[in-house]
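In: need the 3D shape of this:
(chains A and B)
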Amino acid sequence: MKPPSRVREMPILRVIARALVPVILLFGLYVQFHGDFGPGGGFQAGVIFAAGFIIFALVFGAEALRQVVPVVLTERLMAAGVLLYGAVGVVAMFLGGEFLNYSALDPLTTGHHGQHLGIIVIELGVGIAVAATIMRVYYAFVGRRPDEDGTDADPALDTGAGGEVS
Amino acid sequence: MPPVELLLMLLLIATVIVVARLKDLFAAAMLTGIASLLAAGLFVLMDAVDVAFTEAAVGAGVSTVLFLGALSLTSRREKQERTRILPILIVAATGAALIYGTWDMPAYGDPDAVIHHHLAPELIAETEKKIHIPNIVTAILASFRGYDTFGEVVVIFTAGVGVALLLGGLGLRRRDERGEEES
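Out: Numbers count the residues shown, from 1 in each chain, chains lettered A, B, ... in the order given. As a prediction, this is how the structure comes out:
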């Protein structure tokens, strides 16, 4: 078993992380849903959202994060984001348009509400897929242990790994 | 080139040279994050805010953490190897060829460049009428090029699946399910 790392005992880091993580997540949501008016969009929002969770894991440990976002959940959300994007295209087809022609989503008006709706939903799909993928990749990286002969591994480099589930 | 851009560019070059020469991989990983941040600053000055966003979040943030995650599994110091001449020559020749290629490009910020006259005026004039959202970049990426962006999301998904299969994590998954049963 690994000795507790010094990083997680630093009160300043813990307090700052506690204060910072909600702000980062809120900023991620802002970038997500304001992407059609300001800079940003699904990809950037997904990365920022995942980065907020990863900062939490860096300070409090990957195990603490896994209790909030289990690995299985990230895998399901990865697929759900892609399916949400594709579903918008298929719904547009059922409503009489072409695949991913958002104007068909709103047949009553001239189509600009449909464009707006379609863009918001597909950006949400992108954001979910990107955030889940980055967190899944992070789990894959910290979930590995050094090999048996990996004696030169440096335990001082703590990225939240370690600490088995009992 | 304006002074701020020049300063950022010089800092970027200095950082990259130091990264290439450092033997301490921890410091090198941190410096690649700084290089990404400098690149993001350059993108902001070029008004490419969306790209700067991505560079800062992915390059300076997430990939640095992944570098550290990989480093925690291996040695912190690069093994000493003697300097080999041929790779340096190949890299220098490739770099020289790329720089030679940029001579044909229009000057930085040139308003007469082709890219500002082909398609761009039309998109700036028409996008808001067709899509009714003010951010032209989002309109182009999400609507005009909806297929492309869908493909990109599938690429990201595939990359995530690939990493999950290669690096793992079946153990992670099992531990997860066991944890769910226990709770």
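
In: show me the contact partners of stretch B:149-157.
Out: Contacting residues not belonging to stretch B:149-157 are listed as A:78-79, A:81-82, A:85-86, A:89, A:100, A:122, A:125-126, A:129-130, A:133, B:141-142 [C-beta atoms under 8 Å, 6 or more residues apart in numbering or on different chains]. (Glycine included, C-beta is placed from N, CA and C.)

In: look up the closest residue to residue A:36, ignoring the ones flanking it.
Out: In space, and not counting its chain neighbours, residue A:36 is closest to residue B:133: 4.1 Å by C-beta to C-beta, 6 or more residues apart in numbering or on different chains.

In: wait, what's in contact with that neighbour?
Out: A:36, A:37, A:115, A:116, A:119, B:139.

In: how about 10 Å then?
Out: Taking C-beta atoms under 10 Å, 6 or more residues apart in numbering or on different chains, we find residue B:133 in contact with A:35, A:36, A:37, A:112, A:115, A:116, A:119, A:120, B:127, B:139, B:142, B:143.

In: contacting residues around residue B:117?
Out: Contacts for residue B:117 (C-beta under 10 Å, 6+ apart) come out as residue B:111.

In: just put the contacts of residue B:133 in JSON lines and tack on distance to residue B:20 and pLDDT.
Out: As requested, the contacts of residue B:133 are exported to JSON lines (distance: C-beta to C-beta, whole Å; pLDDT from 0 to 100):
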{"residue": "A:35", "distance to residue B:20": "36", "pLDDT": "82"}
{"residue": "A:36", "distance to residue B:20": "41", "pLDDT": "81"}
{"residue": "A:37", "distance to residue B:20": "41", "pLDDT": "84"}
{"residue": "A:112", "distance to residue B:20": "51", "pLDDT": "69"}
{"residue": "A:115", "distance to residue B:20": "47", "pLDDT": "86"}
{"residue": "A:116", "distance to residue B:20": "47", "pLDDT": "85"}
{"residue": "A:119", "distance to residue B:20": "42", "pLDDT": "90"}
{"residue": "A:120", "distance to residue B:20": "43", "pLDDT": "91"}
{"residue": "B:127", "distance to residue B:20": "42", "pLDDT": "82"}
{"residue": "B:139", "distance to residue B:20": "40", "pLDDT": "86"}
{"residue": "B:142", "distance to residue B:20": "38", "pLDDT": "86"}
{"residue": "B:143", "distance to residue B:20": "42", "pLDDT": "87"}
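
In: narrow these to those in helices?
Out: Mapping those onto helices (DSSP state H) picks out A:112, A:115, A:116, A:119, A:120, B:127, B:139.

In: show me which of those are buried.
Out: Buried members of the ones in helices among the contacts of residue B:133, scored by 16 or more other C-beta atoms under 10 Å in any protein chain shown, are A:112, A:115, A:116, A:119, A:120, B:127, B:139.

In: for residue A:51, state which of the residues you listed is nearest.
Out: residue A:120 (22.3 Å; C-beta to C-beta).

In: what helix or strand is residue B:151 located in?
Out: Element membership of residue B:151, judged by DSSP states H and E, is helix B:146-167.

In: work out the gap between that helix and the centre of the chain.
Out: 16 Å (C-alpha atoms, centre = their mean, to the nearest Å).

In: alright, that wraps it up for me.
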